[in-house]
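In: Dropping a prediction and its sequence here:
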Amino acid sequence: MRRIAAVASAVAVLSLTLVLMGWMLARVAEHPGVPREAGELPRWFAGEPAARGAREGVPAPAAAAHGHEAGVAAAAIKPGVPAVEKAGAAEGDYAEYAGGQIEIAFLEYEMKPNKIRVKPGAVTFVLRNEGRFAHDFHVEGPGVEAYAAKFSPGRTVRLEVALPEGEYKISCPLSNHDQRGMHGTLVATSKLTGK
């Protein structure tokens, strides 16, 4: 009888341990080593340059290790395609693109730029993952719903979309990225303020 009780106890402890391990793995599967409740991470962890006077021994920025300039994650377009940055008091800061190609940099948990104006028609999004986690991309609006599948850090993917005039939501719907601020507005209009 004692032996049966000992075996049953051992099986119960083993089962509970396996259930807890499965739960923990599911919680951190997307972000290994970084709990979801971490909040703001140190600047150096995100690849930004260390502040002046920082102590020695701080790890080098991650971006420098990949051959990128540290702390630079600005979205731009290819040479020859005009872009104009404009700020409107009531409308916020929008990046305007007269050409049909828009580059967007993906970081945790933001897209740069996240407010875009572009002329209607065929648009090619050039999506660069400069972050440390995988991301994906979604455009939804009047008659349009387009996705770029999940792409890992360091990768660049392209997504071609035909945009009629209107306002669109752009986002990274992967896991909880959209809820953490990884979304923006895309306006397709023939009335660009910089033109």
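Out: Okay, I see it.
In: For this structure, which element, helix or strand, carries the lowest mean pLDDT?
Out: Lowest on mean pLDDT, DSSP states H and E among the helices and strands of the chain sits helix 62-65, with a mean of 35.
In: tell me which strands and helices the longest helix along the chain is in contact with?
Out: Scanning the chain for the longest helix, with DSSP state H as the assignment, gives helix 2-28. Taking 3 or more C-beta pairs under 8 Å, 6 or more residues apart in numbering; DSSP states H and E as contact, there are no helices or strands that helix 2-28 lies on. (Glycine included, C-beta is placed from N, CA and C.)
In: got the buried residues for that helix?
Out: For helix 2-28, a neighbour-count test (16 or more other C-beta atoms under 10 Å) marks nothing as buried.
In: Just the mean pLDDT for it, thanks.
Out: Averaging pLDDT along helix 2-28 gives 87.
In: wait, isn't residue 95 in contact with residue 118?
Out: No. If you go by C-beta atoms under 8 Å, residue 95 and residue 118 don't touch, sitting 9.0 Å apart.
In: Now the common contact residues for these two.
Out: Counting by C-beta atoms under 8 Å, 6 or more residues apart in numbering, residue 95 and residue 118 have no common neighbour.
In: domains in this protein, as residue ranges please.
Out: 2-64, 73-188 (automatic domain parsing).
In: which stretch in the ones you listed has the least confidence?
Out: domain 2-64 (a mean of 65).
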